[in-house]
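Chemist: please work out how this folds:
(one chain, ligands or ions: 1)
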Amino acid sequence: MSAPAYEQPYLLINGERVGRDGRDGLPVRNPSTGEVLAELPVATPSDLDRAIELAGGAFRTWSAVPPVERGKVLKRAAELMRERIESIATAITLDEGKPLFEARWEVSWTADVVDWQAEEARRSYGRVLPVSTKGRALVVKEPVGPVAAFTPWNLPAFLPARKIATALAAGCTCIIKPAEETPLGALKIAECFLDAGIPRAALAVVFGEPSMISTHLINSPVIRKISFTGSTRVGTHLAELSARHVKRMTMELGGHAPTVIFDDVDLDKVVAEAAAYKFMNAGQICIAPTRFYVHESVHDKFVKNISEAARSLVVGDGMDSATQMGPLANSRRMDAMERLIDDATRQGADLIVGGSRTGNHGYFWQPTVLANVPESAAIMNEEPFGPVIVTSPFVDEDDVIARSNRLGYGLAAFAFSGASDRANRLGSAIEAGMVGVNTFAATMPEAPFGGVKDSGYGLEGGTEGIDAYLTTKFIHQL
Ligand code: NAD
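Modeler: Reported below is the predicted structural model:
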């Protein structure tokens, strides 16, 4: 199987593709082979200054475009994403590794979310206060200003697109730094927005040394809003930097989703869905189910059945049509899997399936099932971000709720029970930004997406998402 060519990535500033041209380079690797696909140009401080100046200037014109017109441009961008699905999906599979069918799904999901944000542009309502018959008392929404956004490598098209589309819908301009490991999907998404007709200066895509770029952008008085998706460690650092300048922030910082399964469910159905959602993107999704608490009367059966599902998965290069699960995205995840699994087995967990790398090239990890994992194991406390099912039996409802809420994380959670009163209680009692009750589908364009506790603050999507990019002004006029 010969891989399709990977196009040379670039910086995108003022609609221009900026190449190496004397700049430092960073290798972009194919996680299925470990081979270098391309050298990514590293942005210099003067590249960033140019992007900042352009974003500041374009904000004046783009924020003045009527919201309904902004929405039309964004809808065109979503259409272009659908037309270019093969090219965008191929880029994602080559640099991030997920199977091509999943990459296509990511692109079509991305287009749906851009559509939603396009429609939200015209719904950024204010209100009229009935306080006086003379004059006017108005509450109006205004775009916050130029935005700096930072996104990770696990959803290389979707995560940048949601931030860009929401910022543009609100009337903001945007400078985005996607992950250096997966640049091409984000660039292709950005080209869709530009080709749809946004002002060239309204969107820039930069790459380089993450800490230099975030410090430079956050310190600029032109940038008024920061939006980050990634680890709690980096999010905390960016929140500190932003707080020094009292800048608005949205922080989506990952999770460790408890998944509570009672004994009154259709277990075969739950197992099939759990395997599908858990091994999607090799487990590297922030709302993936991660801690499976299974009622003791069905625990062993759950372990047996999900282990069969894990064993039967075809792991391979994402460009191969037979592949059901691709590689991990980078060598850091391989090291993390090894450390977390070793620690769990040393602490008494039962390794049922998998547990080690597979193949002699690339970053392939076997779909893994660890059963009876003690709460003290690192994998019960750190976001695993890999293809590992971790189980622990429970008996008592209050106890499993307490264990579900034990961690600082609070992004997604899942609960399965055939008893509607119990299902209602679980949905309310589990501390998370999103709870799937009798479903693993915890996100949709129409719904707010975000965490509580250490999983961050601020929301993306839903009717709430656009608010993050708007300020609220009161005008009292006599
Ligand atoms: P990381 O936190 O170092 O990097 C995540 C992203 O943040 C990368 O794209 C990186 O370019 C960016 N980044 C890093 N330092 C930055 C800085 N100073 N300024 C701006 N951006 C910066 O971690 P990683 O090794 O890629 O992943 C480690 C863990 O992070 C994972 O195990 C997982 O728990 C979590 N993670 C969460 C998500 C999510 O969707 N919430 C995505 C990726 C990783």
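Chemist: show me the helices in this protein, by range?
Modeler: Assigned helices in the chain, in chain order: 45-62, 67-83, 85-96, 100-121, 158-170, 183-196, 210-219, 232-244, 267-279, 296-311, 331-346, 397-404, 420-429 (criterion: DSSP state H).
Chemist: any chance of those helices in JSON lines, plus mean pLDDT and distance to the ligand?
Modeler: Any C-beta I mention is one placed from the backbone N, CA and C, and that applies to glycine too. Listed next are the helices of the chain as JSON lines, based on pLDDT from 0 to 100; distance: least, Cβ to the nearest ligand atom, whole Å:
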{"stretch": "helix 45-62", "mean pLDDT": "98", "distance to the ligand": "13"}
{"stretch": "helix 67-83", "mean pLDDT": "98", "distance to the ligand": "20"}
{"stretch": "helix 85-96", "mean pLDDT": "98", "distance to the ligand": "11"}
{"stretch": "helix 100-121", "mean pLDDT": "98", "distance to the ligand": "13"}
{"stretch": "helix 158-170", "mean pLDDT": "98", "distance to the ligand": "7"}
{"stretch": "helix 183-196", "mean pLDDT": "98", "distance to the ligand": "10"}
{"stretch": "helix 210-219", "mean pLDDT": "98", "distance to the ligand": "3"}
{"stretch": "helix 232-244", "mean pLDDT": "95", "distance to the ligand": "4"}
{"stretch": "helix 267-279", "mean pLDDT": "98", "distance to the ligand": "15"}
{"stretch": "helix 296-311", "mean pLDDT": "98", "distance to the ligand": "20"}
{"stretch": "helix 331-346", "mean pLDDT": "97", "distance to the ligand": "5"}
{"stretch": "helix 397-404", "mean pLDDT": "98", "distance to the ligand": "18"}
{"stretch": "helix 420-429", "mean pLDDT": "97", "distance to the ligand": "23"}
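Chemist: looking at those helices, which is nearest to residue 454?
Modeler: Put simply, out of those the one that sits nearest residue 454 is helix 232-244, at 5.4 Å, with distance taken as Cβ to Cβ.
Chemist: from the ligand, how far out is residue 320?
Modeler: In this view, residue 320 and the ligand are 25 Å apart by Cβ to the nearest ligand atom, to the nearest Å.
Chemist: pop the domain breakdown of the chain in here.
Modeler: When the chain is parsed with automatic domain parsing, its domains come out as 11-253+454-477, 257-444.
Chemist: dump the ones you listed to TSV, plus mean neighbour count.
Modeler: Supplementary listing: those in TSV, determined by neighbours: other Cβ atoms under 10 Å:
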stretch	mean neighbour count
domain 11-253+454-477	20
domain 257-444	20
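Chemist: picking that back up, closest one to residue 382 among the helices of the chain?
Modeler: Of all the helices of the chain, the one in closest proximity to residue 382, counting by Cβ to Cβ, is helix 331-346 (6.9 Å).
Chemist: residue 411 contacts residue 457, doesn't it?
Modeler: No: here residue 411 lies out of contact with residue 457, judged by Cβ atoms under 8 Å, at a distance of 11.5 Å.
Chemist: pull up the overlap in contacts between these two.
Modeler: 450, 451 (Cβ atoms under 8 Å, 6 or more residues apart in numbering).
Chemist: between the domains of the chain, which one is nearest to residue 3?
Modeler: When the domains of the chain are compared by Cβ to Cβ, domain 257-444 sits nearest residue 3, at 5.8 Å.
Chemist: how far does the closest one stretch from start to finish?
Modeler: The first and last residues of domain 257-444 sit 17 Å apart, counting by Cα to Cα, to the nearest Å.
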